[in-house]
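*Asks:* give me coordinates for this.
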Amino acid sequence: MLQGRVVKVYNEWYRVAVVGDRMLECKPRGRLRKGQTPLPGDRAMVEELADGTGVICEILPRRNLLLRPAMTNVDQVLIIQTWQSPAMNLSLLDRMLALAEWENVRPYIVLNKSDLYAEAEEHVRAAIQRWRQDYQQVGYDVFEVSSKTGDGIEPLKRLLEGKVTVMAGPSGVGKSSLLNHLLPQAGQRIGELSEKIRRGKHTTRHVELIRAGEGDSWLADSPGFSRLSVDSIDKQQLDTCFPEIRQESEHCRFRSCLHEHEPDCAVMRAVDEERIRRSRYEHYLEFLSEIRRSEENRY
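*Replies:* Numbering: from 1, shown residues only. Here you go, the predicted structure:
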């Protein structure tokens, strides 16, 4: 019996990396098909067959589970954004950050296409700097890179060592191009940005883990998206997915405070005093409403 990691799912087959960088093309035992379906990132016990293929006998306990992209046992996520081409979507950024916090995955914000705004007008550069400082004050690391010139890539490469990392972000932000810089051997096809609607074509169609260095180092590209659901988050714990709101909520009058209209709400006070970015608070309320609607439709 061998222990390995599922790195690709395709046509009812599962590619599993085992000891010595060997890859086994496997199928799961029948009882797995009725229960736990293997996903990229899963650790599994595999039996090798005489014909060189394998059988997945057991899926080991998962540390976490991402739904979009569908992956397990993820250590960190590189959230790729651009200031323009396409324009930054702060609501989508905060969704991805909240979901990463919920699944206990460390997020890093990567601002790609820095070559486009390096010579931008002063007010644009100032706005980018304010945005970066706001998110750094919350506690997030922000990297500025250019997948066109390769600037800023080296610090990202160092992040990959010994980790299972996923790249996520909306279509058109250059994930596949960035992947080519991080892992030239990946050979990902790069989609052209649609000039008509200023959105990227969905070049990446599946999730695949690609070896990213020595040991257990893996990087996954994921399909682009323009919408991401937060209804997997418990509404009573949504505030824990916003570090600055989580910190202030400790001073609320009521332990069950949802920070909407309750008296003596420390979070609303912090927003009024500009210690919490108003757009982040508005996104918190937006997500809270979505979770409530999902709960109502569920019953």
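*Asks:* how many other residues sit next to His251?
*Replies:* For His251, the neighbour count with other C-beta atoms under 10 Å is 13. Where you see a C-beta, it was placed from the backbone N, CA and C, and this is true even at glycine.
*Asks:* for my notes, confirm it occurs in a strand.
*Replies:* No: assigned with DSSP: H, G, I helix; E, B strand; the rest coil, His251 falls outside any strand and is coil.
*Asks:* now do it, the pLDDT please.
*Replies:* You'll see His251 listed with a pLDDT of 96.
*Asks:* Thr37 now?
*Replies:* Thr37 is given a pLDDT of 87.
*Asks:* and if you look at Gly4?
*Replies:* 93.
*Asks:* just Leu97 next, same as before
*Replies:* So Leu97 comes in at 96 (pLDDT).
*Asks:* distance from the chain centre to stretch 165-183, please.
*Replies:* 11 Å (C-alpha atoms, centre = their mean, to the nearest Å).
*Asks:* need the helix or strand of this protein with the lowest average pLDDT.
*Replies:* Lowest on mean pLDDT, DSSP states H and E among the helices and strands of the chain sits strand 193-194, with a mean of 35.
*Asks:* mind listing the helices for the stretch 51-200 of the chain?
*Replies:* 90-102, 114-117, 122-138, 153-159, 175-182 (DSSP state H, counting those that start in this stretch).
*Asks:* how about the ones you listed, which one is nearest Ile233?
*Replies:* Minimum separation from Ile233 across the helices of the stretch 51-200 of the chain (C-beta to C-beta) falls at helix 90-102, 5.1 Å.
*Asks:* give the buried residues for that closest one.
*Replies:* Leu90, Leu92, Leu93, Asp94, Arg95, Met96, Leu97, Ala98, Leu99, Ala100, Glu101, Trp102 (16 or more other C-beta atoms under 10 Å).
*Asks:* OK, contacts around the last one?
*Replies:* Contact criterion C-beta atoms under 8 Å, 6 or more residues apart in numbering gives Ser232, Ile233, Gln237, Thr240, Cys241 as the residues in contact with Trp102.
*Asks:* tell me the spacing between it and Glu214.
*Replies:* Note on Trp102: its distance to Glu214, by C-beta to C-beta, to the nearest Å, is 30 Å.
*Asks:* before we move on, what about the fifth one?
*Replies:* Summarising the geometry, the distance separating Arg95 from Glu214, computed by C-beta to C-beta, is 33 Å.
*Asks:* what does the fourth one give?
*Replies:* From Asp94 across to Glu214, the span is 34 Å (C-beta to C-beta).
*Asks:* what's the answer for Arg255, then?
*Replies:* Taken as C-beta to C-beta, the span from Arg255 to Glu214 is 46 Å.
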